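Novice: I'd like to go over a predicted model; first the sequence, then the structure.
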Amino acid sequence: MTAWSIRTGDLINQWIRYLGQLTILWAQTMAAAVTPPFKWDRSLIQAQRIGPGTFVISALVGFFVGMIIALQMAYQMVQLSAELYIPNVIAVSLTRELTPVLTALIVAGRIGAGIAAEIGSMAVTEQVDALKAFAVNPVKYLVVPRFMGLIIMLPVLTMLSDLIGIWGGYVICVFKLHISHEMFWKMTFHALAMKDIITGLVKTFVFGMIIAIVGCHQGLNVKGGADGVGKATTTAVVRSFILIVMTDCFITFIFYFLLNI
Amino acid sequence: MIEIRNLYKVLGPKMVLNNLSLTVKRGETKVVIGRSGVGKTVLLRNIVGLVRPDSGSIKINGVEVTDLNEKDYNRLRMEIGMVFQGGALFDSMNVGDNVGFVLNEFMNLDRKTVNDRVRDSLGLVGLKDVEHMMPSQLSGGMRKRVSLARVLCMEPHIILYDEPTTGVDPITASAINNLIVEMRNKLKVTSIVVTHDMNSAYQVADSIAMFYKGQIIADGRPEEIKNSKHPVIQQFIHGEVQGPITEDESLIFGHVK
């Protein structure tokens, strides 16, 4: 066997074990989330930390992505005299695909890294051990609020980003391509079906879970001191990115080929 | 009462606990002495269930804990307080919330009762009007005292102290020692104190156990340990550089043997 195939085998083995660990933490989190006592205030605090701080960044990205799609579409559609269909493309591609993924990547970079760093610092300073010693389940105390906060706020941020992205497309279509205001909104609403919005939102729920579980898992498993926290933070972001994109492909495949939506 | 029999724990390549046995009677303060990094903290972490032993038995008040599930262990942990070496204060909470953590988490007490108990616990460790300070604003000694107050606030029957006087000034160290003695005399708390501070050990101990190479090699009253002829104990309590503890070490304070 070549060194290359051994390395590849090791890598696959590591990823399978890693995904197994994430699945166990996810199952523990779900079990802890439905076990009383319920401390909703902690989830709300996390939602407050996630939402307002990320809104401006995701809105800005959404707005410019909307503009970029309009410009790219114009490049092709003008040649076919089909500019009128640009609002359709903007609305569908943003809601189904681009905004859920881009918002999730922004949140993974900003919030997922923060979660890994915060819990990692707690782990290296024995605060997680102190929780256990005081008979407090660290999954219920640390993971559940962040998990709930993310699955509440990521869909909200995505929907807002959808709206702002469409406005970004509006700026190009109306002011540059001279599509009328009424026609833009007529074509947008004509193209958008509820299933487009729902498929986008289903993705955001899953992405929210991924960001929370990956960030918390990295934080809880930090080894060493500040160096370990740094590594955990970077790893949380990189692995969240990979898993978000892979899951997006997987969900899109299911929606398109299996469910025909 | 804590009974530990034939405990083994391997961490990485090192056998940290190697057939360790130890008994702590109800209401007794047992001081475990030994060099830094030999595994005294691992022993405490095994007792409170933060790590599980590879084999052996730990009985707390007659209950075998090594095979307890987390739910049953948590019930037992409500009776055990652990003072961590670095304090392990929750740095997102102020001192008041740290000290009242267990009360807020598990007991439906009104705010005034919690505040009163927090104030009383802080008073016991000689701290006043610090409830609104954040852990980052405290000195090392204060953090340790707040950590002790947090444990006292939950009124445990067993307290495990991990290096309670390390890194504090001599006056604070004496105050902490007095408090450990007071806890035993007034509340009949069973305690294990892990330390390498011999002054502290003589001051608080009902009995002293010497931890060496993963085992307890001697266990007796403070004067018995003080007068022991065992070369390892003699080297440790007198802090001698040369002796059986350091014979395997090729480098002592920069001098090659």
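Specialist: Cool, the structure landed.

Novice: What segments of the stretch 1-150 of chain A are helices?
Specialist: Assigned by DSSP state H, counting those that start in this stretch, the helices in the stretch 1-150 of chain A fall at A:3-33, A:40-77, A:86-93, A:99-107, A:113-124, A:127-133, A:138, A:144-175.

Novice: The second one near chain B at all?
Specialist: No - legend: contact between helix A:40-77 and chain B by Cβ under 8 Å from any Cβ of the partner chain is lacking; minimum distance shown is 10.2 Å. Using the backbone N, CA and C atoms, a C-beta is placed for each residue, glycine as well.

Novice: cool, and the last one?
Specialist: No - applying Cβ under 8 Å from any Cβ, one finds helix A:144-175 out of contact with chain B, separated by at least 12.0 Å.

Novice: helices or strands next to that helix in the packing?
Specialist: helix A:3-33, helix A:40-77, helix A:86-93, helix A:99-107, helix A:181-191, helix A:194-220 (3 or more Cβ pairs under 8 Å, 6 or more residues apart in numbering or on different chains; DSSP states H and E).

Novice: any idea which of those is most buried?
Specialist: Stretch with highest mean neighbour count among those: helix A:99-107 (a mean of 25; mean count of other Cβ atoms under 10 Å in any protein chain shown).

Novice: neighbours around the residue in the stretch 151-257 of chain B positioned nearest to chain A, how many?
Specialist: Going by Cβ to the nearest Cβ, chain A is nearest to B:Met154 of the stretch 151-257 of chain B, at 7.4 Å. Using other Cβ atoms under 10 Å in any protein chain shown, B:Met154 has 24 neighbouring residues.

Novice: Now for it: which residues touch it?
Specialist: Going by Cβ atoms under 8 Å, 6 or more residues apart in numbering or on different chains, B:Met154 touches A:Phe134, B:Met78, B:Gly81, B:Val102, B:Leu103.

Novice: what bits of chain A have low per-residue confidence?
Specialist: Scanning chain A for pLDDT under 70 picks out A:1, A:261.

Novice: can you tell me which residues contact B:Phe236?
Specialist: Counted by Cβ under 8 Å, 6+ apart, B:Phe236 has contacts B:Ile33, B:Gly34, B:Arg35, B:His196, B:Met210, B:Ile245.

Novice: For PyMOL, what selects the buried ones among these?
Specialist: Filtering these down to the buried ones (16 or more other Cβ atoms under 10 Å in any protein chain shown) takes a single PyMOL command:
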select buried, chain B and resi 33+34+196+210+245
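
Novice: could the contacts of B:Phe236 go into a markdown table alongside secondary structure and pLDDT?
Specialist: Formatted as a markdown table, the contacts of B:Phe236 follow (DSSP: H, G, I helix; E, B strand; the rest coil; pLDDT from 0 to 100):
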| residue | secondary structure | pLDDT |
| --- | --- | --- |
| B:Ile33 | strand | 93 |
| B:Gly34 | coil | 91 |
| B:Arg35 | coil | 87 |
| B:His196 | coil | 87 |
| B:Met210 | strand | 93 |
| B:Ile245 | helix | 77 |
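
Novice: Out of the contacts of B:Phe236, which comes closest to B:Asn94?
Specialist: Nearest to B:Asn94 among the contacts of B:Phe236 is B:His196, at 32.1 Å by Cβ to Cβ.

Novice: my guess is that closest one contacts B:Val32, does it?
Specialist: No - with contact defined as Cβ atoms under 8 Å, B:His196 does not reach B:Val32; the gap is 9.7 Å.

Novice: how about JSON lines for the helices and strands packed on helix A:144-175, with distance to B:Asp54 added?
Specialist: Below are these laid out as JSON lines (distance: least, Cβ to Cβ, whole Å):
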{"stretch": "helix A:3-33", "distance to B:Asp54": "22"}
{"stretch": "helix A:40-77", "distance to B:Asp54": "36"}
{"stretch": "helix A:86-93", "distance to B:Asp54": "56"}
{"stretch": "helix A:99-107", "distance to B:Asp54": "41"}
{"stretch": "helix A:181-191", "distance to B:Asp54": "63"}
{"stretch": "helix A:194-220", "distance to B:Asp54": "22"}
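
Novice: and the residue of the stretch 101-250 of chain B found nearest chain A, what element?
Specialist: In the stretch 101-250 of chain B, the residue that lies nearest chain A is B:Val102 (5.5 Å; Cβ to the nearest Cβ). Assessed by DSSP states H and E, B:Val102 sits inside helix B:101-106.

Novice: go on, B:Phe211?
Specialist: For B:Phe211, the host element (DSSP H and E) is strand B:207-212.

Novice: Contacts for that strand, please.
Specialist: Counting by Cβ under 8 Å, 6+ apart, B:20, B:22, B:28-34, B:38-40, B:43, B:201, B:216-222, B:225, B:230, B:232-233, B:236, B:245 sit against strand B:207-212.
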